[in-house]
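Curious how this folds, go ahead:
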Amino acid sequence: MSASGTDTLYSELDKTSFFVLEDDKDVLRLVHDRFGNELERLKRAYSIHDPDAKLPSTESPSHILFGRQFDEVNRTLVGLLSLRWLYNDKYDTFCGAQPEAVALTRESFNWMRDMFQAGLKNNDDFIALLTSIVVNDLGKDPQLASDYCAKTGEDISAQNHDHILFKAVEAGLVPSFNRLSRGERADVLRGMKLGAELNFGQLAQAENVPVSLAALLELRERPRIFELGFMEQLLDIAGAGGHEDWTCAKVMIQPVLDAYRNVFEVSQSVIAGEIGLRDAYDLILVRRGRELREKGFRQLRVADSHDRALMRMLCMGRVISLETAHLYDSALEDLEVVTKASLIASLNVDGSVGQPAVIATYAPAFFTHGVSADGAGSGDEKRRRVQSLMRYLARVLKLDGVPTSSSAVVVERNLLEVIQDIVDSDEFRANPEVLDKQDVPKGVIAQTI
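Just a heads-up that it's a prediction; the model follows:
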């Protein structure tokens with residue numbers, strides 16, 4: 001179907017045009033027609049980019065629409081294209097350049113496909129999901145917080161991007177939201193509130209804490225909101241590598257999907273009232289431990305605070321290989337006694353009034369950018385890097401210097417700048433101890449009860 005065919009047969013974006021059009025370029029142009037304002041904001045959104053990434057030779061989605069590379073535009077649009085590939089049973093395209101050893105299985109692809117086909121019952125469902133995907137990362141545009149402050153007088157720039165988005169939508173700063181039907185608007189807004197309190201990606205990687213799951217308790221009569229939010233998160237991950245490879249859903253490999261299926265199952269159990277928050281959270285850890293045990297790693301006991309802290313870092317570091325698991329284990333074991341005790345204690349705080357937990361946002365990127373078992377350097381060099389990361393994390397997870405609140409249960413510290421300025425630098429790779437001199441990010445209260 002040519003661009004002219006788009007004009008004559010499908011002049012606007014709906015469920016039919018999105019899935020029937022043969023050419024992805026035609027679909028992207030329809031997306032731009034509906035979400036032009038939001039895509040302009042995504043041009044300004046911050047991202048973490050691998051300077052050594054080898055980009056495909058084909059045109060990226062952002063280049064097709066704007067003639068330039070914009071990381072967050074590409075990530076978002078690859079998420080949308082992933083929905084097309086799933087729905088239209090394009091398994092080979094979806095998996096594309098995924099490494100063969102960890103590529104998504106056909107069974108897992110079908111599981112996702114069945115979820116989307118069942119979940120998108122009509123055009124309202126479809127537009128609600130597309131809107132959720134497109135606006136998901138708008139909070140990464142610094143101008144959105146500035147526009148909100150100009151309109152309301154409230155400075156929310158220190159909040160995480162999910163909170164900024166939710167507040168901006170409430171203030172009427174996201175035009176596409178206002179075009180939804182009343183029912184879908186209510187569900188999408190409630191889904192955004194859920195995302196601001198519970199990020200499924202953070203749960204899959206044990207980046208958040210048990211009290212973060214409390215938001216699920218409000219959904220016992222509204223399972224549709226969870227369903228919509230979960231589908232959006234799957235597509236967000238499918239597009240997460242889209243700024244470096246826009247030809248496929250490169251990040252949605254089998255271990256990642258396994259982690260998200262775990263999240264789906266434990267969340268459903270919480271919503272149904274079958275399991276408590278701590279037990280649900282610990283199932284994520286237990287299953288990661290079991291996967292590594294099957295590869296030959298030692299038995300990890302979630303009831304042991306040392307093992308549980310290690311399990312959280314193995315999840316944060318997206319550790320799936322035996323070699324990397326041993327690297328993290330030995331690094332923690334030989335960490336300085338006082339630092340190790342502090343780190344273990346902090347990683348075992350659930351979050352409550354009187355004892356808030358600290359979440360280090362971007363912790364997975366912090367670990368994976370900081371060290372790779374398959375990357376350059378000797379075993380000792382990699383171990384030094386892991387221990388440096390752990391020492392810094394121990395300082396980040398302390399409540400020192402955080403504004404007090406009688407109802408606070410979660411505090412966040414954003415690691416994005418330290419990743420970009422220090423962890424990604426040649427200086428860190430040559431001298432990991434440079435991180436010891438770096439101040440920790442300012443903490444902000446992220447969840448209250």
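
distance of the spatially most central residue of the chain from Met316?
Within the chain, the residue whose C-alpha comes closest to the C-alpha centroid is Gly201; the distance, by CA atoms, centre = their mean, is 4.2 Å. Between Gly201 and Met316 the distance, using CB to CB, to the nearest Å, works out to 11 Å. (Glycine included, C-beta is placed from N, CA and C.)

before we move on, what about Arg190?
With the distance defined as CB to CB, Arg190 ends up 28 Å from Met316.

In this model Gln233 seems to touch the residue nearest to the centre of the chain, though I could be wrong.
Yes. Contact status for Gly201 versus Gln233: in contact at 6.2 Å, counting by CB atoms under 8 Å.

Phi first, then psi, for Arg413.
Arg413 has phi and psi values of phi -130, psi 130 when expressed as degrees, to the nearest 10.

I figured it was touching Ala360, is that so?
Yes. In terms of CB under 8 Å, Arg413 counts as a neighbour of Ala360; the distance is 5.6 Å.

Mutual contacts of those two, please.
Taking CB atoms under 8 Å, 6 or more residues apart in numbering as the contact rule, Arg413 and Ala360 both touch Val396.

Which one's more surrounded, Arg190 and Met316?
Set side by side, Arg190 and Met316 give different neighbour counts by other CB atoms under 10 Å, the larger being at Met316 (24 against 19).

For that one, which residues are in contact?
Shown in contact with Met316 (CB under 8 Å, 6+ apart): 205-207, 363-364, 366-367.

Check this structure for its longest helix and report it.
helix 24-43 (DSSP state H).

what's the next secondary structure element after that helix?
The element immediately downstream of helix 24-43 (helix or strand, assigned by DSSP states H and E) is helix 61-66.

Next secondary structure after that next one?
Heading C-terminal from helix 61-66, the first helix or strand you meet, by DSSP H and E, is helix 71-87.

Now that following helix: average pLDDT?
The predicted model gives helix 71-87 an average pLDDT of 97.

ok, now stretch 151-162?
Here the average pLDDT along stretch 151-162 is 90.

What residues sit buried inside whichever strand or helix holds Gln143?
Gln143 is located in helix 142-152, with elements delineated by DSSP H and E. Applying a neighbour-count criterion of 16 or more other CB atoms under 10 Å, one finds 144-145, 148 buried in helix 142-152.

by contact count, what packs against it?
With contacts taken as 3 or more CB pairs under 8 Å, 6 or more residues apart in numbering; DSSP states H and E, helix 142-152 sits against helix 161-170.

Quick check: which helices or strands does the helix it packs on pack against?
Contacts defined by 3+ CB pairs under 8 Å, 6+ apart place helix 161-170 against helix 142-152, helix 182-197.
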